[in-house]
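Visitor: have a look at this fold, sequence not included:
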């Protein structure tokens, strides 16, 4: 267990995050690693007590068997993973013999992704970069830039060229 690394990938189920996930699987993840998908939802109003508890700490680590089930994910976490992302991780889990987990946070993506590094904790993190134009980036601030500058582990940014 000592040599098992925890490789985080920030996912929002966009083409750009799938590209980052694919890159991590092809270039970084080794047999025995834990691949942890970190996803951040906007804060909302949750009726269920579990959700309110998780708002501070994030969800528990969700095993692949559970997050591959769209009904559980929708009902329990209000998250819909796309088939392509699920395909990438289930294939990786079989072929590379890795443990795939997901953790969901609620709030500001920049802050929560950085928090996840210490919270899980992660040995390294891979994040996609949407390639916003200069003006948009100046206004919105790039999530990947923020994470690179503030995360407490090595971060790899996978650029998306559409």
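Guide: Structure received. As the structure is a computational prediction, the values presented were derived from the model and not from experiment.

Visitor: pull the distance from stretch 75-94 to the chain's centre.
Guide: 11 Å (C-alpha atoms, centre = their mean, to the nearest Å).

Visitor: how about stretch 63-78?
Guide: The answer for stretch 63-78 is 15 Å, by C-alpha atoms, centre = their mean.

Visitor: what helix or strand is the nearest residue to residue 28 once chain neighbours are set aside on?
Guide: The spatial neighbour of residue 28 that comes closest, neighbours along the chain excluded (C-beta to C-beta, 6 or more residues apart in numbering), is residue 7 at 5.8 Å. C-betas here are computed from N, CA, C, even on glycine. Using DSSP states H and E, the secondary-structure element containing residue 7 is strand 6-10.

Visitor: helices or strands up against that strand?
Guide: Strand 6-10 makes packing contacts with helix 15-27, strand 34-41, helix 109-119, strand 124-129 when contacts are defined by 3 or more C-beta pairs under 8 Å, 6 or more residues apart in numbering; DSSP states H and E.

Visitor: name the residues that touch stretch 146-160?
Guide: Residues outside stretch 146-160 that contact it (C-beta atoms under 8 Å, 6 or more residues apart in numbering) are 8, 10, 15-16, 19-20, 23-24, 28, 110, 113-114, 117-118, 121-131, 144.

Visitor: which among those residues end up buried?
Guide: Using 16 or more other C-beta atoms under 10 Å as the burial test, those include 8, 10, 16, 19-20, 23-24, 110, 113-114, 117, 122-130, 144 as buried.

Visitor: thought residue 38 was touching residue 6?
Guide: No - proximity of residue 38 to residue 6 does not meet the contact threshold set by C-beta atoms under 8 Å, at 10.7 Å.

Visitor: give me the more crowded residue out of the two.
Guide: A side-by-side neighbour count of residue 38 and residue 6, using other C-beta atoms under 10 Å, places residue 38 first with 27 against 18.

Visitor: how about that one, nearest residue that isn't a chain neighbour?
Guide: Residue nearest to residue 38 in three dimensions, not counting chain neighbours: residue 116, with 4.6 Å by C-beta to C-beta, 6+ apart.

Visitor: no further questions, thank you.
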